[in-house]
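Participant: Next comes the sequence, and after it the predicted model I'd like to discuss.
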Amino acid sequence: MTSQAGGLPGYAEHFSEPEGYLDFARFGPPSRDVLDATAAALARSAQAGHTTVNELMLAEPRARAAAARLAGTGPAHVALLPNASTGLFHAAFGIPEGTVLVPAADFPANHYPWRRTAALGRAEPRWLDGAPTPEAVGKALTDDVVAVSLSAVDFRTGYRADLAAIREVIGEDRLLIVDAMQAFGVADLPWDAADVVVAGGQKWLRAGWATGFAALSDRALERLEPTLTGWTGVEDVAVFDDTEHPAAPDALRWSITNLSPVTAAAFAAALELVETVTVRAIAAHVARRVDELIDAVRAAGGEILSPVTPAERAGIVSFRLPGTDPAAVAKTLHAHDVTPSVRADSVRLSAHASTTAGAVDRVRAALRA
C-alpha cells in the first residue's frame, strides 16, 4: 500500500488503497473507520449480553440520520436498504399504473424493476434513447407518464443528469426517481429535486457491501403504495398480535426485515466521514483528477467518451484508443499497477478524493507504452 499524499487532506489519510486504483465506479475500498466500526460491532455481538442487540441496533438510526443530512432531508424520510436495487423495486412496485420514462442505456438495475411491474400489469416503462437531458425528457412526456426513473450519473460515461432542470420539465405532478449509485457522496447535486433517491454504499460512499438507503419526499410517501412493506415496516412493529398492521407513516414503510447492525455501523462511519470533509470538497478534488486523466488520455491520442463539459460529468472517464483493443489497453495499465474497468468497446477510469497525482502519472506512462 502507498501513501495517499496528494489526496484530499482530512479524507485521504483514512484510506490505504494502492496508488493506481482507479475503479471506484465499481467498488470503493472502505476506510479504516469502516473497518474499525465493523470489527467493533462484530466483537460486541460475539460477547452478547441482555443489552447487546438493542445497543447494536442503535447504529441504524445513526446511519439514517447521517444519510438524511447528506440528502438534505430528515430521518423520517430515510430508510436503510441492503442495496440500491431494493429501493428501485420498492419504487417500481409502488406505482400502480401509468408510464415511466427510463433511459434505454441505463444500468440494468433501473430496467428490471420496470420490466417486472409491466409483466404484472402495473407501471409500464417507455425507453428513452440517448442521454436523459431535460430536452429529451420533455419531448417524451405524454399525459400517461407518471414518473421518470434515471441514474444521476451514467455508469458508462459519467454523464451527470440535470436533476433540477428535469424536475422543472416534468412538473410537480410526476415522480422523479433517481438511482444515485454513481453520484451520492461524490457529486454535489440537488437531491431535493427528486422524490426518490436510492444509493448503495459500496462504491463512492466506500462503506462496503450490503449498505444503502432510500430518501423519500412527501409526495413519494403519499403516492407510492407500500406494496413490498415487510413486518418491520409497519406501525407497532414490536406487537405480535396475529393481525396485519398499517404501514409505517414514514420512510420506514420500505423496511422488509431487520438489517445487519454491523453493516449499519459501517455505513454510519462512512457517511459521517463524508460529512466531515463535505461532498463539495470531495467533488472538487475529483474534478481536478478527472481533468488530469482526460489530459493524459488525449495526449496519448485517446478518444474521450465522457462529457467534455465539467458541469455534465462526475468522477468517471471513459475512453478508447483508436485501433487498440480495450483489453490490450487494460493489460498495459495493469502492468503499471493501474486498476481500471474494461468494457468490450472502452476503458473506464474513476478517481476519488484519495486519488493522488501519482495515479495520473501511472496512467500517462502506461498509455505512452
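Facilitator: Done, it's in.
Participant: Would you state the helices of the stretch 201-350 of the chain in chain order?
Facilitator: Remark: helices assigned in the stretch 201-350 of the chain by DSSP state H, counting those that start in this stretch are 218-223, 261-277, 279-299, 326-335.
Participant: export the ones you listed to JSON lines and tack on mean pLDDT?
Facilitator: Putting these into JSON lines (pLDDT from 0 to 100) gives the following:
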{"stretch": "helix 218-223", "mean pLDDT": "98"}
{"stretch": "helix 261-277", "mean pLDDT": "98"}
{"stretch": "helix 279-299", "mean pLDDT": "97"}
{"stretch": "helix 326-335", "mean pLDDT": "97"}
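Participant: how about those helices in CSV, adding distance to Arg343 and mean neighbour count?
Facilitator: The C-beta positions use only the backbone N, C-alpha and C, and glycine is treated the same way. Below are the helices of the stretch 201-350 of the chain laid out as CSV (distance: least, Cβ to Cβ, whole Å; neighbours: other Cβ atoms under 10 Å):
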stretch, distance to Arg343, mean neighbour count
helix 218-223, 34, 16
helix 261-277, 27, 24
helix 279-299, 15, 19
helix 326-335, 6, 16
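Participant: what's around Phe24, how many residues?
Facilitator: Residues lying near Phe24 (other Cβ atoms under 10 Å) number 26.
Participant: ok, it touching His352?
Facilitator: Yes - Phe24 is within contact range of His352, at 4.5 Å (criterion: Cβ atoms under 8 Å).
Participant: strands paired with the longest strand along the chain, and their directions?
Facilitator: Across the chain, the longest stretch assigned as strand under DSSP state E is strand 145-151. When pairing is defined by DSSP bridges, strand 145-151 lines up against strand 99-103 (parallel), strand 175-179 (parallel).
Participant: buried stuff in the very next helix or strand once past it?
Facilitator: Downstream of strand 145-151, the first helix or strand assigned by DSSP states H and E is helix 163-170. Buried residues in helix 163-170, counted by 16 or more other Cβ atoms under 10 Å: Leu163, Ala165, Ile166, Arg167, Val169, Ile170.
Participant: With respect to Arg288, which of these is nearest?
Facilitator: Nearest to Arg288 among the buried residues of helix 163-170 is Leu163, at 23.2 Å by Cβ to Cβ.
Participant: Spatially nearest residue to that closest one (excluding sequence neighbours)?
Facilitator: In this structure, Leu163 finds its nearest non-sequential neighbour in Ala193, 4.3 Å apart by Cβ to Cβ, 6 or more residues apart in numbering.
Participant: hang on, the one you found packs against Ile170?
Facilitator: No - look at Ala193 against Ile170 with Cβ under 8 Å: they stay out of range, at 10.0 Å.
Participant: intersection of neighbour lists for these two?
Facilitator: Shared contacts of Ala193 and Ile170 (Cβ atoms under 8 Å, 6 or more residues apart in numbering): Leu176.
Participant: so who does the residue lying closest to Ala63 once chain neighbours are set aside touch?
Facilitator: What sits nearest to Ala63 in space, not counting adjacent residues and going by Cβ to Cβ, 6+ apart, is Ala268, at 3.9 Å. Taking Cβ under 8 Å, 6+ apart, we find Ala268 in contact with Ala37, Ala59, Arg62, Ala63, Ala66.
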